[in-house]
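1. I need the structure of the sequence given here:
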Amino acid sequence: MVTDAEKRVEPTIQSHHDQPPAHEAQALEDGLHRSSEEFPSGHSARSNTLSRMTTDADGNTYPEGGMDAWLVVFGCFMGLFGSLGLVNSIGTFQAYIDDHQLKEYSSGTNGWIFSMFAFLCFFCGVQIGPVFDAKGPRFLVLAGSILIIAMMISIGFCTQYWHFMLSVGLAGGMGSSLIFTPAISAVGHFFNEKRGIATGLAATGGSVGGVIFPLVLQDLFPKIGFGWATRVVALICLISLIVACLLIKSRLPKKPASKENVLPDFRIFREPKFALTTAGVFFVEWGLFIPISYISSYALSHGVSTELSYQMLAILNAGSFFGRGIPGFFADYFGRFNTLIVTVALCLICCACLWLPAGDSLPLMIVYSAIFGFASGSNISLTPVCIGQLCKTEHYGRYYATSYTIVSFGTLTGIPIAGEILARCDGQYWGLIAFTTCCYAAGLACVTAAKLIHVGWRRPWVIY
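-> Here you go, the predicted model:
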């Protein structure tokens, strides 16, 4: 008897084992592995059992678990811990630098440094995505790790505006992108049905980094100074990125690089679902980094102690930890777009109903940070999965890069615009919060429209 799981195996594999006896099937399920030559999709020699594999519409097989797959997820977790974790900690760096090294500049002007950091993290995917498709992740992650460590060591010596722009904005941004893009993409080579939860678990690395780094810096700034505090963080990043370099890998057939798949293909925007999804992600990312960047300074301006103000960002990122894993689990069962729509709506409600009326209320600040952190966690973990749902797996790198070519400009301009709004409102945060709320409202409208185009306007409840 052939089990349902065995029926999912590729035809080429079945031809070698037509109707295996029960004891042979059990042997396969107990750990019999095949070499990479027996799996046209590029399965590694230490692959997972055949009973776990699934096949997509294009004939690519996915382990959906097993040692190799989960080690890759762990490697991606560690890579995002040391890269995206720093992006999620920009509020701590900006709050300190605004009051010390660059205190003669406005918050909006200093915001360009950190917006460049976030911008390049996504924009460099234009080239990195296709290179990942063609060459795999090894050298990309190694190069990114070198740049991240160089940034964290050099930032301690920065004293001028252009020093920070080169170190944080350029080196840090490019280094983060060289790790972020392969880490998100590699998970999709091992998971299809469970891609949402696997990507969410990997993306929690950025949240864990966003909790640990602000707490470490807040504790070390007054004890050993800015320079040595950043070197301690550099050491932590070094350890995590070594693990990432060793574990992140790909498994699907590599696609040779060419002019067509190295450059973004804007013809893809002729597809309404893709165009609306990209617009929705743009608006979401436009608003996402504003609370991350300004929640600490908001708390400081409303009389909260310096220690607790820095911890506010850690609370936000702690919520984000759960917000990247839990929505990913539900996304695999209730639909990835459905889950993204719900979490974006929750971000909108948090900004309008909690942050805007918070004022000097410390409990409201804490509640907002925790709930917004949870809701916004899926902004990064689910959006790549939703983009991947719109294309074939082997084209994912180009679709992702093309989309984030546009999205990255939201991350570039969001923080400086918020800083200028803050200045125009005489240091009052209501305008900045209103702008963030509008960003999420526009993002919600676009993502909802993208889903309804697929399932039909009369069937909004359909899983997608």
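2. tally of neighbours for the closest residue to residue 354 other than its chain neighbours?
-> Nearest non-adjacent residue to residue 354, counting by Cβ to Cβ, 6 or more residues apart in numbering: residue 368, 4.0 Å away. No exception for glycine: its C-beta is placed from N, CA and C like everyone else's. Using other Cβ atoms under 10 Å, residue 368 has 27 other residues around it.
3. so what pLDDT did residue 368 get?
-> Per-residue pLDDT puts residue 368 at 96.
4. Can you name the next helix or strand after the helix or strand it falls within?
-> Using DSSP states H and E, residue 368 maps to helix 362-388. Sequence-wise, the next helix or strand downstream of helix 362-388 (DSSP H and E) is helix 396-424.
5. Tell me which residues of the helix or strand that that next one is followed by come out buried.
-> Next in sequence after helix 396-424, counting helices and strands by DSSP H and E, comes helix 430-455. Across helix 430-455, burial judged by 16 or more other Cβ atoms under 10 Å covers 431-444, 446-452, 455.
6. Go ahead and confirm residue 122 touches residue 408.
-> Yes - Residue 122 lies in contact with residue 408 (Cβ atoms under 8 Å); the separation is 3.8 Å.
7. Name the residues contacting each of these two.
-> Common contact partners of residue 122 and residue 408 (Cβ atoms under 8 Å, 6 or more residues apart in numbering): residue 285.
8. Give me the more crowded residue out of these two.
-> Higher neighbour count among residue 122 and residue 408: residue 122, with 29 against 23, using other Cβ under 10 Å.
9. Please name the residues that touch the more buried one.
-> Counting by Cβ under 8 Å, 6+ apart, residue 122 touches 177, 180, 285, 404, 407-408, 411.
10. neighbour-wise, which of those leads?
-> residue 404 (31 neighbours).
11. Distance of that residue relative to residue 424?
-> Residue 404 sits 30 Å away from residue 424, taking Cβ to Cβ, to the nearest Å as the criterion.
12. same check, this time on residue 353
-> 24 Å.
13. and the direction of the top helix by length along the chain versus that of helix 362-388, what angle?
-> Determined from DSSP state H, the single longest helix within the chain is helix 195-247. Compare the direction of helix 195-247 with that of helix 362-388 by axes from the mean of the first three to the mean of the last three Cα atoms, to 10 degrees and you get 90 degrees.
14. Which strands or helices does helix 195-247 pack on?
-> With contacts taken as 3 or more Cβ pairs under 8 Å, 6 or more residues apart in numbering; DSSP states H and E, helix 195-247 sits against helix 67-82, helix 84-87, helix 90-99, helix 138-154, helix 173-187, helix 306-334, helix 362-388.
15. and that helix with helix 173-187, angle?
-> Using the same axes, to 10 degrees: helix 195-247 against helix 173-187 is 120 degrees.
16. so how far is helix 195-247 off the chain centroid?
-> 15 Å (Cα atoms, centre = their mean, to the nearest Å).
17. what's the angle between it and helix 90-99?
-> Using the same axes, to 10 degrees: helix 195-247 against helix 90-99 is 70 degrees.
18. hang on, the earlier thing: tabulate the helices and strands packed on helix 195-247 (CSV), appending distance to residue 201.
-> Converted to CSV, those look like this (distance: least, Cβ to Cβ, whole Å):
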stretch, distance to residue 201
helix 67-82, 6
helix 84-87, 14
helix 90-99, 23
helix 138-154, 18
helix 173-187, 9
helix 306-334, 5
helix 362-388, 9
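19. which stretch among those helices comes nearest residue 269?
-> The closest of these to residue 269 is helix 362-388. By Cβ to Cβ, the value is 12.5 Å.
20. Against which helices or strands is that closest one packed?
-> Using 3+ Cβ pairs under 8 Å, 6+ apart: helix 362-388 touches helix 195-247, helix 272-301, helix 306-334, helix 336-350, helix 396-424.
21. ok, of the contacts of residue 122, which one's closest to residue 297?
-> Looking across those and measuring by Cβ to Cβ, the closest to residue 297 is residue 411, at 18.5 Å.
22. Can you tell me the closest non-neighbouring residue to that closest one?
-> residue 118 (4.0 Å).
23. if we can go back for a sec, pull the most distant pair out of the contacts of residue 122.
-> Across the contacts of residue 122, no pair lies farther apart than 177 and 285, at 13.9 Å, counting by Cβ to Cβ.
24. so who does residue 293 touch?
-> For residue 293, counting by Cβ under 8 Å, 6+ apart, the contacting residues are 90-91, 94, 111, 114, 415, 418.
25. who's in contact with the residue positioned nearest the centre of the chain?
-> Nearest to the mean C-alpha position of the chain, counting by Cα atoms, centre = their mean, stands residue 380 at 3.9 Å. By Cβ under 8 Å, 6+ apart, residue 380 lies in contact with 84, 203, 206, 288, 324.
26. where does the stretch 1-150 of the chain dip in pLDDT?
-> Residue ranges of the stretch 1-150 of the chain with pLDDT under 70: 1-51, 55-62.
27. Show the pLDDT at residue 255.
-> With respect to pLDDT, residue 255 scores 69.
28. Which residues are in contact with residue 214?
-> 89, 91-92, 296, 310-311, 313-314, 317.
29. Tell me the one among the residues you listed nearest to residue 154.
-> Closest to residue 154, out of all of the contacts of residue 214 and judged by Cβ to Cβ, is residue 89, at 16.7 Å.
30. Pull up the gap between the residue nearest to that closest one when sequence neighbours are not counted and residue 92, please.
-> Leaving out its chain neighbours, the residue that sits closest to residue 89 by Cβ to Cβ, 6+ apart is residue 213, at 4.2 Å. Distance of residue 213 to residue 92, given as Cβ to Cβ: 7 Å.
31. ok, now residue 71?
-> Using Cβ to Cβ, one obtains 31 Å as the distance from residue 71 to residue 92.
32. The two: which has the busier surroundings?
-> residue 92 (27 against 17).
33. Can you give me the distance of the residue nearest to the more buried one when sequence neighbours are not counted to residue 449?
-> Leaving aside its sequence neighbours, residue 92 sits nearest to residue 214 (Cβ to Cβ, 6+ apart; 4.3 Å). Per Cβ to Cβ, residue 214 is found 36 Å from residue 449.
34. residues contacting residue 374?
-> Contacts of residue 374 (Cβ under 8 Å, 6+ apart): 319-320, 322-323, 326, 346.
35. Nearest to residue 131 among these?
-> residue 320 (28.6 Å).
36. Many thanks, we can stop here.
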